[in-house]
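Undergrad: how does the following fold in three dimensions:
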Amino acid sequence: MSIISPRINIPDLPDLDEGNLDFHSIGGFEELTLFSDESLDRVNLTGSTFSECALNNLSGTDLAWADVRISESSISRLGASVIEAPGLVMRLTRISSSRIGVLHAPESTISETEIEHSKLDLLALRRAKVTDLRLSNCTIGELDLSGATVNRVALVDCRIDSLRLSQSTLKHLDLRGAHLGDLDEVSALRGSLLSYEQLLQFLYPIAAHLGIAVED
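TA: Alright, predicted model coming up:
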């Protein structure tokens, strides 16, 4: 089986004007703007669009990001307890050096995106469409891809304590670069690539799924 790597070519941002999210309204459109050193607790980004923007050193607790669209942008040093982002659309975007408790983005569309040097307690992408995503140098408590359609996704130097794949459809999911803990359903691994060590790790549940008894 030949695995195809994620196809990601995030463009460099041009010169940006400085902005202030205190003046942002629900469903607003932001373009070519730098937002930095702000609290997002008073900002409702529902339905908003960010194109060629940089969001640096932002923080908040319970953030509303439903139906937010982010493209050709960068998010750095984001600190958030919970981000509720159903219907999130993210394309050609890099998230780096961030600490997020829960990113809950069911039925989202993620493409040509990279998340690096970040820690998330829960990254929930249930029923999402995920294409060309790279997770590198990340620690994730639970990665929930239940019901998701996944194509060309790679985990590089990551720790994933719990991986949820129930009812997902996988193509070119490269798990070799991840230290994996718990896996909910080995039958959902079809379309993924494991290292030899990972295969040994899940040997017993794979054998049980196939109806094979293993005894010393």
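Undergrad: out of everything not next to it in sequence, what's closest to Asp67?
TA: Nearest residue to Asp67 in three dimensions, chain neighbours excluded: Gly87, at 4.3 Å (CB to CB, 6 or more residues apart in numbering). Where C-beta positions appear, they are placed from N, C-alpha and C, glycine not excepted.
Undergrad: any idea which element that neighbour lies in?
TA: Assigned by DSSP states H and E, Gly87 belongs to no helix or strand.
Undergrad: how much space separates it from Ser25?
TA: Look at Gly87 and Ser25: by CB to CB, to the nearest Å, they are 19 Å apart.
Undergrad: looking at those two, which one has more neighbours?
TA: Taking neighbours as other CB atoms under 10 Å, Gly87 and Ser25 compare with Gly87 leading, 17 against 11.
Undergrad: what's near enough to touch the nearest residue to Asn57 once chain neighbours are set aside?
TA: Leaving aside its chain neighbours, Asn57 sits nearest to Arg77 (4.5 Å; criterion: CB to CB, 6+ apart). Residues near Arg77 by CB atoms under 8 Å, 6 or more residues apart in numbering: 56-58, 96-98.
Undergrad: where does this protein have low pLDDT?
TA: Along the chain, the model assigns pLDDT under 70 to residues 1, 209-210.
Undergrad: helices along that one, start to end?
TA: With DSSP state H as the definition, the chain shows helices at residue ranges 196-201, 203-209.
Undergrad: CSV for those, including mean neighbour count and distance to Glu31?
TA: Converted to CSV, those look like this (neighbours: other CB atoms under 10 Å; distance: least, CB to CB, whole Å):
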stretch, mean neighbour count, distance to Glu31
helix 196-201, 12, 43
helix 203-209, 14, 48
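Undergrad: nearest to Leu189, of those helices?
TA: helix 203-209 (8.0 Å; CB to CB).
Undergrad: how long is stretch 123-130 end to end?
TA: Start-to-end span of stretch 123-130 (CA to CA, to the nearest Å) is 13 Å.
Undergrad: any idea how far Ser146 is from Asp15?
TA: Distance, Ser146 to Asp15, using CB to CB: 42 Å.
Undergrad: between those two, who's got more neighbours?
TA: Under the neighbour definition other CB under 10 Å, Ser146 and Asp15 were set side by side, and Ser146 has more, 18 against 6.
Undergrad: that older thread, now the helices of the chain as a markdown table including distance to His104?
TA: As requested, the helices of the chain are exported to a markdown table (distance: least, CB to CB, whole Å):
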| stretch | distance to His104 |
| --- | --- |
| helix 196-201 | 27 |
| helix 203-209 | 27 |
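Undergrad: what's near enough to touch Asp216?
TA: Neighbouring residues of Asp216 by CB under 8 Å, 6+ apart: there are none.
Undergrad: could you shift the numbering so residue one becomes 44, and keep it that way?
TA: Taking 44 as the first residue, the last one we looked at is Asp259.
Undergrad: can you tell me, leaving aside adjacent residues, what's nearest to Glu61?
TA: Leu77 (5.2 Å).
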